[in-house]
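A.B. asks: Dropping a prediction and its sequence here:
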Amino acid sequence: MLQRVTLLASLFLLASTLTSHADSRRRQINPIPFSHTPCSVLDNRPCTPQFCSVFNHGPCIPEINYPYGQNLQLTVQTVPTKDDAAKYQRPDHDLETIGDLFAALRSCWSPPPAGQSREGMQMSVRFSFKTSGELIGPPRLTFATAGAPADARDTYLQAINHSLDACLPLKFTGGLAGALAGRPIMIRYVDNRDLGKVPSETK
């Protein structure tokens, strides 16, 4: 009888240990890869470290060259910072990396004239590429600054479509074309111009 009780106690202890270990492993899994939750670089939870200039209002989340198969996201500013200027230069060769793709897409952006623009306007679109470097259908609007009037949204969406049309088709290497085809790409356009300081001839 004592042996049976001891055996049952041992099995219960073993089961509790395995359950605790499994729960611990489950808690370590990040259900949202590359979480965009900002945090300190010293935090242990799944998050994205903040990297901001003293001139940013933050938090500023760095862009990540996502692995193929994940959602590809980037932000395009109308006036890039000096540190980011190189990221807005169109590559002079066939696009072979995600960084090349992002640089090409940034270089395509041509904002509306200042007279038709709205300071601080933000708009996001989503689309996918064919292997030929053309779009699979028109970009789909996913976000626009709250409170922006309909004519402002139409103006910026037209500028986005015209900017992309002027750059397409993009020239991918075979490897990048196969990896990107059909993958969703999200671009957030930010008009960070100080429209009060834009030269009058551009208005």
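C.D. replies: Ah, there it is. Numbers count the residues shown, from 1 in each chain.

A.B. asks: Which residues are in contact with Y189?
C.D. replies: By Cβ atoms under 8 Å, 6 or more residues apart in numbering, the residues touching Y189 are 75-76, 78, 109, 111, 122-125, 156, 160. Bear in mind the C-beta positions are built from the backbone N, C-alpha and C, glycine included.

A.B. asks: quick one: the helices in this structure?
C.D. replies: With DSSP state H as the criterion, the chain has helices at 2-28, 98-108, 150-167, 174-180.

A.B. asks: the inter-axis angle of the third one versus helix 98-108?
C.D. replies: It refers to helix 150-167. Here helix 150-167 points in a direction 120 degrees away from that of helix 98-108 (axes from the mean of the first three to the mean of the last three Cα atoms, to 10 degrees).

A.B. asks: Give me the packing partners of helix 150-167, helices and strands only.
C.D. replies: helix 98-108, strand 122-127, strand 140-144, strand 185-190 (3 or more Cβ pairs under 8 Å, 6 or more residues apart in numbering; DSSP states H and E).

A.B. asks: what's the answer for the last one, then?
C.D. replies: Helix 174-180 sits against helix 98-108, with contacts defined as 3+ Cβ pairs under 8 Å, 6+ apart.
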